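Peer 1: using only what follows, build the 3D model:
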Amino acid sequence: MVTCSNLKVKAYGKINLALDVVGKRDDGYHMLNTIMQSVSCYDLLDFTLSEGEGIEITCGLDSFPKGEDNIITKAYHAFADFTHIDFGCKITVTVEKNLPSQAGMGGGSADAAATLRALDFMFDTRLTDEQLCSIAVGLGADVPFCITGGTRLCQGVGEIMSRLPSPDCAFVIVKPDIGISTPEAFRKYDSITNPKRCNMDVLLRYIGGGKLFGICSNLFNVLEYAADCEEISHAAEQLKNSGALAAVMTGSGSAVFGVYPDLSAAQSAAEKLTDWSYKCVCQPVKQGWKFVY
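Peer 2: Below is the predicted model:
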């Protein structure tokens with residue numbers, strides 16, 4: 001049953017308040033201990049049903065992949081395999097791409113999660129969050145988080161999640177012109193000895209108590225230390241000089257976020273940061289997606 005023939009979805013990006021690697025599985029996947037936070041910057045995906053079959057992706061960015069290797073297409077096929085649904089129509093997805101690639105902001109993962117959410121709603125399959133996450137985990141480590149979003153402790157390869165209270169603050173995110181692929185980031189991590197470790201228990205206590213200064217004192221990303229990148233260090237320094245309480249790389253990089261006590265402080269700081277081709281002022285949001293009617 002089709003509930004609607006057109007649906008727009010905001011696919012919210014994410015940052016990592018903490019990211020630590022705590023092991024490696026036999027299949028090569030790294031075991032993570034990370035706190036992810038959905039933020040209010042987003043890609044906008046417009047789903048339209050029409051006569052025909054298959055899926056077509058359009059985007060104004062020439063560099064955006066539109067074929068079978070696109071994660072939106074992969075999510076479409078994974079959803080069909082799980083539900084055994086016959087769509088009986090053509091699905092066109094028009095993507096307004098705002099989240100940068102190779103930034104550690106989960107742009108591709110957010111698009112995949114938004115696709116699963118949209119297909120579930122438009123075709124009235126009524127899958128549970130657990131079912132959607134079971135599809136999502138095969139698409140990428142961050143996709144299960146983006147299915148739910150908010151503030152969560154994510155463990156395993158990202159599929160074991162615990163909800164946390166969201167911090168009361170604002171962020172400015174900047175991205176250096178360089179990009180860092182996720183495989184490259186983990187290869188660099190594997191090459192270092194005695195990596196620094198996150199004091200996750202302390203950070204979780206500060207998050208639970210809503211203590212922003214304590215949170216900021218314990219932000220951590222082991223992949224930032226592994227990257228040892230001058231551009232990332234410069235971005236963090238710029239954010240701190242603009243008034244950020246703390247600044248750290250998110251995910252596998254190369255985006256860096258600064259934490260500010262409120263939106264006004266973040267907006268004022270962003271006005272001083274003029275050297276960045278990507279810059280975003282945002283706030284925490286409580287889920288990874290939003291339908292726009």
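Peer 1: near the residue lying closest to Asp46 once chain neighbours are set aside, how many other residues are there?
Peer 2: Closest residue to Asp46 apart from its sequence neighbours, by CB to CB, 6 or more residues apart in numbering: Thr94 at 4.2 Å. For glycine as for every other residue, the C-beta is placed from the backbone atoms N, C-alpha and C. Around Thr94 there are 15 other residues, counting by other CB atoms under 10 Å.
Peer 1: pull the distance from whichever strand or helix holds Thr94 to the chain's centre.
Peer 2: Using DSSP states H and E, Thr94 falls within strand 90-96. Between the centre of strand 90-96 and the centre of its chain there are 20 Å (CA atoms, centre = their mean, to the nearest Å).
Peer 1: ditto for stretch 76-89
Peer 2: 25 Å.
Peer 1: using CSV, list the CA coordinates for it.
Peer 2: C-alpha atoms of stretch 76-89 as CSV (Å, rounded to 0.1, in the frame of the first residue of the first chain):
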residue,chain,number,x,y,z
TYR,A,76,16.8,0.9,-1.7
HIS,A,77,18.0,-2.6,-2.6
ALA,A,78,18.6,-3.6,1.0
PHE,A,79,15.1,-2.4,2.0
ALA,A,80,13.6,-4.4,-1.0
ASP,A,81,15.6,-7.5,0.0
PHE,A,82,14.4,-7.3,3.7
THR,A,83,10.7,-6.6,3.0
HIS,A,84,10.4,-8.6,-0.3
ILE,A,85,8.3,-5.7,-1.5
ASP,A,86,7.3,-5.1,-5.1
PHE,A,87,7.5,-1.4,-5.3
GLY,A,88,5.5,-1.4,-8.6
CYS,A,89,6.7,2.1,-9.5
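Peer 1: still on that earlier bit, who does the residue nearest to Asp46 bridge with?
Peer 2: Asp46, Thr58 (DSSP bridges).
Peer 1: what are the buried residues along the strand holding Thr94?
Peer 2: 91-93, 95 (16 or more other CB atoms under 10 Å).
Peer 1: stretch 260-269 now?
Peer 2: Those would be 260-261, 265-266, 269, for stretch 260-269 by 16+ other CB under 10 Å.
Peer 1: please apply the same query to stretch 146-162.
Peer 2: So, applying 16+ other CB under 10 Å, buried residues of stretch 146-162: 146-159, 161.
Peer 1: pull the distance from that stretch to the chain's centre.
Peer 2: The answer for stretch 146-162 is 11 Å, by CA atoms, centre = their mean.
Peer 1: that one: end-to-end distance?
Peer 2: 13 Å (CA to CA, to the nearest Å).
Peer 1: also stretch 251-263?
Peer 2: From its first residue to its last, stretch 251-263 covers 23 Å (CA to CA).
Peer 1: so which residue is dead centre in this structure?
Peer 2: The centre of the chain sits closest to Gly106, judged by CA atoms, centre = their mean, with a distance of 2.7 Å.
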